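A.B. asks: Sequence first, then the predicted structure:
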Amino acid sequence: MRKKRKTMRKGVKEQIQPMPFWQSLIFFGIPALVAAVCQYVLWPFFMSVGITEETAYHYQALIVFTLLLSAALVANVIEGNSLDWSSFRRRLRLFGLDRRGWKWTFGGLITQILLSLAATVLASQVYNILKFTPPDISPSGPMLNLPLMAFVLFMNSMSEELWWRGYILPRQEKQHGRYAWAIHGVLWAFFHAFKWWAVPFMLFTTWIIPFITQRMGNTTPGVIIHLVINGLGILLMV
């Protein structure tokens, strides 16, 4: 089974074109700009037309995630791949997990949690020294629409992983080789420029999922880690 899976991955890898660094900047930069516009323009606009703060927040986020998911699907087709499930999962490397895969996933999850805590503590110290109060970019009231939150969480994890790690990372691997994960991790941190004050501290963790994905040749661990980490964050918000 493992041998067959490796053969499938090799066949897909041979069809993937390298992504030059300038193209990586575009493919990360445009979504970063869209995320900033949605956060600072569309969210207030939605509230101005009578949508509640929480719902408006989720709607603007869904726009970003829907565009990322659509980009992954369109890019897959432009490469000449079909949209049938078999072709789709091979190109975006959505494979199952064996025992080794689950070990890497669990290890990445624990590492992500520990480094996130360390980054949060360090960020708090730095903000105190600089006498800087980070702007509030989440709803101020209670988060009550649990079904909508669950859908946004799913779209967040799936769309980002399919676009960043499913489509872009394999092309970066063809261009940058064994260090693609490091370049990818830095660019992924800067995708979050809409909360620019947090970007330096996000560099503590944005390399973890790309590293595991490249090491395993599998997008699935990143989907799981992303889903759990963001789910924990939403629970804290609630």
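C.D. replies: Happy to help now that I have it.
A.B. asks: contacting residues around stretch 224-238?
C.D. replies: Residues outside stretch 224-238 that contact it (C-beta atoms under 8 Å, 6 or more residues apart in numbering): 105, 108-109, 112-113, 116, 138, 142-143, 149, 153-154, 156-157, 160-161, 208-209, 212. Backbone N, C-alpha and C define where each C-beta goes, glycine included.
A.B. asks: Remind me which helix or strand Thr100 belongs to.
C.D. replies: No Thr there; residue 100 is Arg. Mapping Arg100 onto the secondary structure by DSSP states H and E places it in helix 99-130.
A.B. asks: Distance check, the residue nearest the centre of the chain against Phe28.
C.D. replies: Most central in the chain under C-alpha atoms, centre = their mean is Glu160, positioned 3.7 Å from the mean C-alpha point. Taken as C-beta to C-beta, to the nearest Å, the spacing of Glu160 relative to Phe28 amounts to 11 Å.
A.B. asks: and if you look at Ala123?
C.D. replies: Where Phe28 is concerned, Ala123 sits at a distance of 22 Å (C-beta to C-beta).
A.B. asks: Could you export stretch 207-221 as CSV, CA atoms only?
C.D. replies: What follows is stretch 207-221, C-alpha atoms only, in CSV (Å, rounded to 0.1, in the frame of the first residue of the first chain):
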residue,chain,number,x,y,z
TRP,A,207,7.3,26.6,9.9
ILE,A,208,5.8,23.6,11.7
ILE,A,209,3.0,22.6,9.3
PRO,A,210,5.1,23.2,6.1
PHE,A,211,7.9,21.2,7.6
ILE,A,212,5.7,18.2,8.4
THR,A,213,3.9,18.5,5.1
GLN,A,214,7.1,18.5,3.1
ARG,A,215,8.6,15.7,5.2
MET,A,216,5.6,13.5,4.8
GLY,A,217,4.6,14.5,1.3
ASN,A,218,1.1,14.7,2.7
THR,A,219,-1.3,17.6,3.3
THR,A,220,-3.5,15.8,5.7
PRO,A,221,-1.4,16.3,8.9
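A.B. asks: residues of it that come out buried?
C.D. replies: Buried residues in stretch 207-221, counting neighbours by 16 or more other C-beta atoms under 10 Å, are found at 207-214, 216-221.
A.B. asks: Between which two of those is the distance greatest?
C.D. replies: Between any two of these, the greatest separation by C-beta to C-beta is 18.3 Å, found for Trp207 and Thr220.
A.B. asks: Point me to the helix or strand that includes the residue lying closest to Leu169 once chain neighbours are set aside.
C.D. replies: By the measure of C-beta to C-beta, 6 or more residues apart in numbering, the closest residue to Leu169 outside its immediate chain neighbours is His184, 5.5 Å from it. Following DSSP H and E, one finds His184 within helix 180-191.
A.B. asks: what's Trp181 in contact with, if anything?
C.D. replies: Taking C-beta under 8 Å, 6+ apart as the contact definition, Trp181 lies against Leu169, Trp207, Pro210, Phe211, Thr213, Gln214, Arg215.
A.B. asks: who's in contact with the third one?
C.D. replies: By C-beta under 8 Å, 6+ apart, the residues touching Pro210 are Trp164, Arg165, Leu169, Ala180, Trp181, Ala182, His184, Gly185, Trp188, Gly222.
A.B. asks: So Leu25 is in contact with Leu187, correct?
C.D. replies: Yes - with contacts defined as C-beta atoms under 8 Å, Leu25 counts as touching Leu187 at a distance of 7.4 Å.
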